[in-house]
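*Asks:* Just to be clear, the model below is a prediction. Sequence and coordinates:
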Amino acid sequence: MGTNKVIVGLSGSIRDQSSTKKSLNSLRRYISEEIEYIIYDGLQKLPHFNPELDNEEAPAEVQVYRALLDRADGVIICTPEYIKGVPGVLKNALEWLVSSATLYQKPVAVITASGGGEHAHQALLLNLSMLEASVEHTLLISGANNKLTEDGEYANDEVVQSLKELVAGITLQNN
Ligand SMILES: Cc1cc2nc3c(=O)[nH]c(=O)nc-3n(C[C@H](O)[C@H](O)[C@H](O)COP(=O)(O)O)c2cc1C
């Protein structure tokens, strides 16, 4: 009881029909049923990061978000690229994790899926290195929209294989 692993998914896009959200959802099929896979859908509820609010009584949603990540054995971040960088909503969410050191040595896998995406990918890896997350599994999917079905599934065999390997890697990391 309570010993199952927990993997938390974070999406860098918060729009309703986001292909990133759909992709994150589609990873469920590669994750063993014994693992609890929770996609956190509250990034848009986090206030803009402000160090003055970052104390023991941090905003309620920040506490919910940090508590969920504290429970996680691993985190999968899937994001598009916005203006050659990490979307603001995701960057904001990461800024809330600096003082709490929530991602310190935590296994984090990164999937950047965009038209190009290499700038956001590199920037996100740099952000995660500042947070001292343990990033061993990464995947850059350029031209993502051409490889996605309407349901947000990847039809491309090579991408599917890479996603399976990434999911297997993050679920086994630190075993
Ligand atoms: C404001 C904005 C800026 C964007 N900038 C880039 C960019 O710099 N590089 C890129 O590859 N795609 C860029 N895109 C395209 C998105 O990354 C792409 O549409 C992505 O699939 C959106 O993800 P979503 O479907 O999960 O919302 C941008 C899109 C928007 C709306």
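*Replies:* That came through, no problem.
*Asks:* Near the ligand, which residues of the chain are found?
*Replies:* Taking Cβ under 6 Å from any ligand atom, the part of the chain that reaches the ligand is made up of 13, 15, 18-20, 80-84, 114-117, 144-145. Where C-beta positions appear, they are placed from N, C-alpha and C, glycine not excepted.
*Asks:* which residues sit against the lowest-mean-pLDDT helix or strand in the chain?
*Replies:* Ranking every helix and strand in the chain by mean pLDDT, DSSP states H and E puts helix 144-147 at the bottom, with a mean of 88. Residues from elsewhere that reach helix 144-147 (Cβ atoms under 8 Å, 6 or more residues apart in numbering): 19, 80, 113, 114, 115, 117, 141, 154, 155, 156, 159.
*Asks:* in what helix or strand does the third one lie?
*Replies:* In this case it means residue 113. Per DSSP states H and E, residue 113 falls inside strand 107-114.
*Asks:* Show me what secondary structure element comes after that strand.
*Replies:* According to DSSP H and E, the helix or strand after strand 107-114 is helix 118-130.
*Asks:* Buried residues in that following helix, which are they?
*Replies:* 119, 120, 121, 123, 124, 125, 127, 128 (16 or more other Cβ atoms under 10 Å).
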